[in-house]
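**Q** Show me how the following folds:
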Amino acid sequence: QVQLVESGGGLVQAGGSLRLSCTASGRTFSSYAMAWFRQAPGKEREFVAGLRWSGIMTDYRDSVKGRFTISKDNAKNMVYLQMNSLKPEDTAVYYCAAGRMDGVRRSDWSYDYWGQGTQVTVSS
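**A** Next up is the predicted model:
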């Protein structure tokens with residue numbers, strides 16, 4: 001049974017930093033992409049960043065490039081999202097997702113497994 005468990009959310013002032021963690025278990029993810037999505041109140045869920053479990057490919061939405069960094073620890077089966085220079089518009093529930101695919105896709109329907117989400121709130 002695949003499980004993705006996020007942690008690390010919280011309340012931070014604009015300009016601050018947070019690191020989200022996702023612990024993955026239940027299968028081998030070597031053919032998978034791992035991604036972070038977010039959903040703000042009243043808005044659709046959107047892709048934030050993703051990477052290949054095997055290899056070095058990463059992808060970011062334009063609004064977080066240069067501020068967010070996605071990384072992984074294969075030995076610990078963990079994926080991270082380091083978020084710096086946070087803005088109020090980054091406020092959302094952040095979800096970890098895993099999907100078997102080539103490359104890294106931005107569509108949420110490409111991902112088979114989802115965590116429960118962690119709240120990130122950035123105050124102005």
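
**Q** make it CA atoms for all contacts and neighbour counts henceforth
**A** Noted.

**Q** Need the residues that contact stretch 91-102.
**A** Stretch 91-102 is contacted from outside by 4-6, 22, 29, 31-41, 110-122, using Cα atoms under 8 Å, 6 or more residues apart in numbering.

**Q** Repeat the analysis, applying 7 Å as the threshold.
**A** Outside stretch 91-102, the residues that touch it by Cα atoms under 7 Å, 6 or more residues apart in numbering are 4, 6, 22, 31-40, 110-122.

**Q** Buried ones only from the residues you listed, please, as a ChimeraX command.
**A** Filtering the contacts of stretch 91-102 down to the buried ones (16 or more other Cα atoms under 10 Å) takes a single ChimeraX command:
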select :4,6,22,32,33,34,35,36,37,38,39,40,111,114,115,117,118,119,120,121,122
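
**Q** Just the residues contacting stretch 65-78, thanks.
**A** Stretch 65-78 is contacted by residues 21-24, 49-50, 79-85 when judged by Cα under 7 Å, 6+ apart.

**Q** make it 8 Å
**A** With Cα under 8 Å, 6+ apart as the test, stretch 65-78 has contacts from 21-25, 49-51, 53, 58, 79-86.

**Q** Spatially, what comes nearest to residue 34 if we skip its sequence neighbours?
**A** residue 98 (4.6 Å; Cα to Cα, 6 or more residues apart in numbering).

**Q** what secondary structure does the one you found sit in?
**A** What DSSP: H, G, I helix; E, B strand; the rest coil gives for residue 98 is strand.
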